[in-house]
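Colleague: okay, sequence plus prediction incoming.
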Amino acid sequence: MHRLTVVDHPLAQHKLSLMRGAETPSNQFRRLLREISHLLAYEVTRDLAITTETITTPLTDMDAPFLAGKKLALISILRAGNGLLEGVLDLIPSARVGFVGLYRDEETLKPVQYYFKVPDNLPERRVIALDPMLATGNSSVTAINLLKEAGAKDIKFLCLLAAPEGVAHMKEAHPDVEIVTATLDSHLNELGYIVPGLGDAGDRMFGTR
């Protein structure tokens, strides 16, 4: 599917299977999400721009590769996005962080915004939006809309699970945004949940219902 990358690394698939289990407790779920986000972060940052600077090793001078340009902007789509955020920050601790607060109206399945705070200079940064679930795509599309209104031009979307319906919605609304995920699941059920899925990621992270 257009601009969709599925990270099929064996470790990612193994950890995702452990997360899917209905009996996996919240503390293990959070730990696994943090671990799998390291593997996803590796893929979503694969094409970052590189420059070189001269450094001195214990043996000689060399032109060494370093990340170029403004620091990344990681945007957590609250609340479940924070589970991915912590793991990505493990690898990119200098990244700037923003938050988009959205919740899903369970009757309409439409997103409702309650918070928006993002780093400055978004037009000059690679922006990675984080949300474990791309289900209907309504919240994700709304979040990307808000980021573009704030000036973001170079955006990727990082999730743990995606449904075909959500991918199609994102493709239609934002064909320029690449989606990186650990898996493309079968479909959505009548309540808008991903099947086979893993339930509500936020509830499973925080032990709520």
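Modeller: In hand now; what should we look at? Predicted model only: the values in this text are computed from it and were never measured.
Colleague: quick one, what contacts Thr54?
Modeller: Thr54 sits next to Asp61, Met62, Asp63, Ala64 when contact means CB atoms under 8 Å, 6 or more residues apart in numbering. Heads up, the C-betas are built off the backbone N, CA and C, glycines and all.
Colleague: what do you get for Pro111?
Modeller: Contacts of Pro111 (CB under 8 Å, 6+ apart): Leu102, Tyr103, Arg104, Asp105, Asn138, Ser139, Thr142, Ala143.
Colleague: so among those, where is pLDDT lowest?
Modeller: Minimum pLDDT across the contacts of Pro111 is recorded for Arg104, with 72.
Colleague: list phi and psi for the residue sitting furthest away from the middle of the chain.
Modeller: The centre of the chain is farthest from one residue, Leu59, which by CA atoms, centre = their mean lies 40.1 Å away. Phi and psi for Leu59, reported as degrees, to the nearest 10, are phi -110, psi -30.
Colleague: what helices or strands is whichever strand in the chain runs longest leaning on?
Modeller: Secondary structure of the chain read by DSSP state E shows that its longest strand is strand 96-104. Counting contacts by 3 or more CB pairs under 8 Å, 6 or more residues apart in numbering; DSSP states H and E, strand 96-104 packs against strand 73-78, helix 81-91, strand 111-117, helix 138-149.
Colleague: what's the angle from that strand to strand 111-117?
Modeller: 160 degrees (axes from the mean of the first three to the mean of the last three CA atoms, to 10 degrees).
Colleague: quick one: low-confidence ranges for this structure?
Modeller: 1-2, 109 (pLDDT under 70).
Colleague: what does the longest helix along the chain contact?
Modeller: Counting residues, the longest helix in the chain under DSSP state H turns out to be helix 26-44. For helix 26-44, the external contacting residues (CB under 8 Å, 6+ apart) are 5, 7, 9, 11-12, 15-16, 18-19, 24, 83-84, 86-88, 90-92, 128, 132, 156, 158, 160, 180-182, 201, 204-207.
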